[in-house]
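Asker: sharing a model prediction with you, sequence too.
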Amino acid sequence: SHGLSEETLKKFQISFDEKRNAIVIPITNGKDKLIYNKYRNLGHEENEDIPKYQFDSGSHPSLFNPKALEKSWVIITEGEIDAIRLDQEGLPTISGTAGAQSWQDDWTKLVEKKTAFLCYDNDEAGLKAIKLLAKHLPKAYVVLLPEGYKDICDYLKEHTKSDFLGLLTNANN
């Protein structure tokens, strides 16, 4: 439902774990070496005892899709699925793996000399995280999705890559 192509799912090695009823998102070190898996549980909406996300043991907040940092500019999203969706459009995108407010200080050094665009979910947690992240990256541009769109995947269901690039062009820092 997020608009990910088969090619994109293969590129990021996204799979489905039937036993867990979860989407498996491999977290790598940027050189395709697996660090751990993140699991997005599909039954969490119907059963509050099931967490939305689970991680392999030994997991820690990591930067998702660090290969995108090879470019001179980068988009930072709230979650891996949004980062994957923008990567599918050919846009260099990263995300933290531990939630909206999980930005790590050592990631700032990787991004601070790039033109950065912050595009988090259009909800209270996303807006709060953007304010926090803007303190780490004061030169970053804040991209706010139009009213009525929850996140990037939601926006791209009705809009094009060109429309999204227009949001970047009109972003404020």
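Answerer: Noted; the coordinates are in hand. Residues are numbered from 1 along each chain as shown.

Asker: what's the burial count for A68?
Answerer: Using other Cβ atoms under 10 Å, A68 is surrounded by 22 other residues. Backbone N, C-alpha and C define where each C-beta goes, glycine included.

Asker: just the one 4 residues further on next, same as before
Answerer: If you count neighbours by other Cβ under 10 Å, S72 ends up with 9.

Asker: what sits against it?
Answerer: Going by Cβ atoms under 8 Å, 6 or more residues apart in numbering, S72 touches K114, T115.

Asker: distance of it relative to F164?
Answerer: Distance, S72 to F164, by Cβ to Cβ, to the nearest Å: 18 Å.

Asker: now the phi/psi pair for P26, please.
Answerer: P26 has phi and psi values of phi -70, psi 130 when expressed as degrees, to the nearest 10.

Asker: list the contacts of it.
Answerer: Shown in contact with P26 (Cβ under 8 Å, 6+ apart): F12, Q13, I14, L34, N37, K38.

Asker: do H44 as well
Answerer: Residues counted as contacts of H44 (Cβ under 8 Å, 6+ apart) are I50, P51, K52.

Asker: would you mind measuring from it to L4?
Answerer: Applying Cβ to Cβ, the value for H44 to L4 is 19 Å.

Asker: now the residue lying closest to D105 once chain neighbours are set aside: how far from L110?
Answerer: What sits nearest to D105 in space, not counting adjacent residues and going by Cβ to Cβ, 6 or more residues apart in numbering, is H136, at 7.4 Å. Distance of H136 to L110, given as Cβ to Cβ: 11 Å.

Asker: secondary structure class of the residue nearest to L137 when sequence neighbours are not counted, three-state.
Answerer: With sequence-adjacent residues excluded and distances taken as Cβ to Cβ, 6+ apart, L137 is closest to A116, at 5.4 Å. Of the three states, A116 takes strand according to DSSP: H, G, I helix; E, B strand; the rest coil.
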